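Visitor: Predicted model, plus sequence, below.
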Amino acid sequence: MLKRIKKVIIVNGMHCEHCQKRVENALSNLREIKSVEVNLENKKVIIVLKKEIEDEKIRQTIANLGYSVESIDLL
């Protein structure tokens, strides 16, 4: 059983609130993710997981939007 795991993702290429919303919406649509919080200033995205998710799936979802992932770490 997954115990409320959080990950912090550093995303390069987000410049405005539109970018922020695109990333937030795309990650929120992944069934493994419970919640998403995007901080545009420091390029950090914090996700709370419902169940395990491969980092590659997160990277690909963000890459499909035209942004790049610098890192993904457990929080």
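Guide: Arrived safely, thanks for sending. Numbering: from 1, shown residues only.
Visitor: can we go C-alpha only for contacts and neighbour counts from here?
Guide: OK.
Visitor: Now do the contacts for the closest residue to Gly66 other than its chain neighbours.
Guide: In space, and not counting its chain neighbours, Gly66 is closest to Gly13: 7.8 Å by Cα to Cα, 6 or more residues apart in numbering. By Cα atoms under 8 Å, 6 or more residues apart in numbering, Gly13 lies in contact with Gly66, Tyr67, Ser68.
Visitor: in the longest helix seen in the chain, what's buried?
Guide: Ranked by residue count and defined by DSSP state H, the top helix of the chain is helix 17-28. Buried residues in helix 17-28, counted by 16 or more other Cα atoms under 10 Å: Cys19, Gln20, Val23, Glu24, Leu27, Ser28.
Visitor: Okay, helices next: where are they in this protein?
Guide: Using DSSP H, helices in the chain cover 17-28, 55-63.
Visitor: What is the longest one packed up against?
Guide: In terms of contacts (3 or more Cα pairs under 8 Å, 6 or more residues apart in numbering; DSSP states H and E), helix 17-28 is packed against strand 33-39, helix 55-63.
Visitor: Got the confidence number for Leu75?
Guide: For Leu75, the pLDDT comes out at 86.
Visitor: contacting residues around it?
Guide: Leu75 neighbours (Cα under 8 Å, 6+ apart): Ile5, Lys6, Lys7, Val8.
Visitor: Please apply the same query to Glu70.
Guide: Ile9, Ile10, Val11, Asn12.
Visitor: Report the two of these separated the most.
Guide: Greatest spatial distance among the contacts of Glu70 (Cα to Cα): Ile9 and Asn12, at 9.8 Å.
Visitor: in this protein, which ranges drop under the pLDDT threshold?
Guide: The model of the chain has pLDDT under 70 over residues 1-3.
Visitor: Quick check, central residue of the chain?
Guide: Val45 (5.0 Å; Cα atoms, centre = their mean).
Visitor: can you pull up the bridge partners for it?
Guide: For Val45, the beta-bridge partners under DSSP bridges are Ile9, Val38.
Visitor: Does it touch Val36 like I think?
Guide: Yes. The pair Val45 / Val36 is scored as a contact, 6.9 Å apart, by Cα atoms under 8 Å.
Visitor: Next, count neighbours for the closest residue to Lys44 other than its chain neighbours.
Guide: The shortest distance from Lys44 to any non-neighbouring residue, by Cα to Cα, 6+ apart, is to Ile10 (4.8 Å). By the criterion of other Cα atoms under 10 Å, Ile10 has 17 neighbours.
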